[in-house]
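[1] Sequence and predicted structure below; questions after.
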Amino acid sequence: MRFNSIVTAVLAFTVAGSAFGQIKDYQYKFNVKGTKDKDTVYLANYFGKQLYYNDTAVADKNGNFTFKKKRELQPGQFAVVLPGSKYFEILINEPTFTMKTDTVDFVKHMLIE
């Protein structure tokens, strides 16, 4: 029973991934209250159960940072990794978005445009 659920989930992700295709020239803007000036932040993607850094940004004194590249990005599950081993996960299938949150409670304070 469990094996069938896993196979179904993998097929669903495969079909969804091929339906979305590649994202070109992405730009993801964040404002995360609680980050400090010059904090290094990572956009990481999952490969199996492992996280791999995909992009890097540096926060300003107001907690603003942007991941921006002129290259292709495969849609899927990502994590935004902050200093101190704090992170939150997001699903990306769009080339641009803006998000605000707070390190106190990422989900409770999350606003996405």
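    Thanks, I have the structure now. Residues are numbered from 1 along each chain as shown.
[2] What residues does the residue nearest the centre of the chain make contact with?
    The centroid of the chain falls nearest to F78 when counting by Cα atoms, centre = their mean (3.7 Å). F78 sits next to L43, A44, N45, Y46, N54, E89, I90, L91, I92 when contact means Cβ atoms under 8 Å, 6 or more residues apart in numbering. C-beta here means a position set from N, CA and C on the backbone, and glycine is covered the same way.
[3] Tell me the bridge partners for the second one.
    Under DSSP bridges, the beta-bridge partners of A44 are Y53, A79.
[4] Run through the strands of this protein in chain order.
    Assigned by DSSP state E, the strands in the chain fall at 23-33, 40-47, 50-58, 64-73, 76-82, 86-92, 96-102, 111-112.
[5] in its sheet, what does the last one sit against?
    Translated: strand 111-112. strand 96-102 (antiparallel).
[6] about what we covered before: could I get the strands of the chain in CSV, plus columns for mean pLDDT?
    As requested, the strands of the chain are arranged in CSV below (pLDDT from 0 to 100):
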stretch, mean pLDDT
strand 23-33, 95
strand 40-47, 94
strand 50-58, 95
strand 64-73, 94
strand 76-82, 95
strand 86-92, 94
strand 96-102, 97
strand 111-112, 94
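[7] Need the winner for burial among these.
    For these, the largest average neighbour count (mean count of other Cβ atoms under 10 Å) is found in strand 76-82, namely a mean of 19.
[8] how about stretch 88-106 as PDB, C-alpha atoms only?
    Provided in PDB are the C-alpha atoms of stretch 88-106 (Å, rounded to 0.1, in the frame of the first residue of the first chain):
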ATOM      1  CA  PHE A  88      11.300  27.600   5.400                       C
ATOM      2  CA  GLU A  89      10.100  25.700   2.500                       C
ATOM      3  CA  ILE A  90       8.300  27.000  -0.600                       C
ATOM      4  CA  LEU A  91       7.000  25.600  -3.900                       C
ATOM      5  CA  ILE A  92       8.200  27.600  -6.900                       C
ATOM      6  CA  ASN A  93       6.600  27.400 -10.300                       C
ATOM      7  CA  GLU A  94       6.600  31.100 -11.300                       C
ATOM      8  CA  PRO A  95       9.500  33.300 -12.600                       C
ATOM      9  CA  THR A  96       8.800  36.200 -10.100                       C
ATOM     10  CA  PHE A  97       7.200  36.800  -6.700                       C
ATOM     11  CA  THR A  98       7.600  38.900  -3.600                       C
ATOM     12  CA  MET A  99       7.400  37.500  -0.100                       C
ATOM     13  CA  LYS A 100       7.400  38.900   3.400                       C
ATOM     14  CA  THR A 101       7.700  37.000   6.700                       C
ATOM     15  CA  ASP A 102       9.300  37.000  10.100                       C
ATOM     16  CA  THR A 103      11.900  34.700  11.700                       C
ATOM     17  CA  VAL A 104       9.700  34.400  14.800                       C
ATOM     18  CA  ASP A 105       7.100  32.400  12.900                       C
ATOM     19  CA  PHE A 106       7.600  32.000   9.200                       C
END
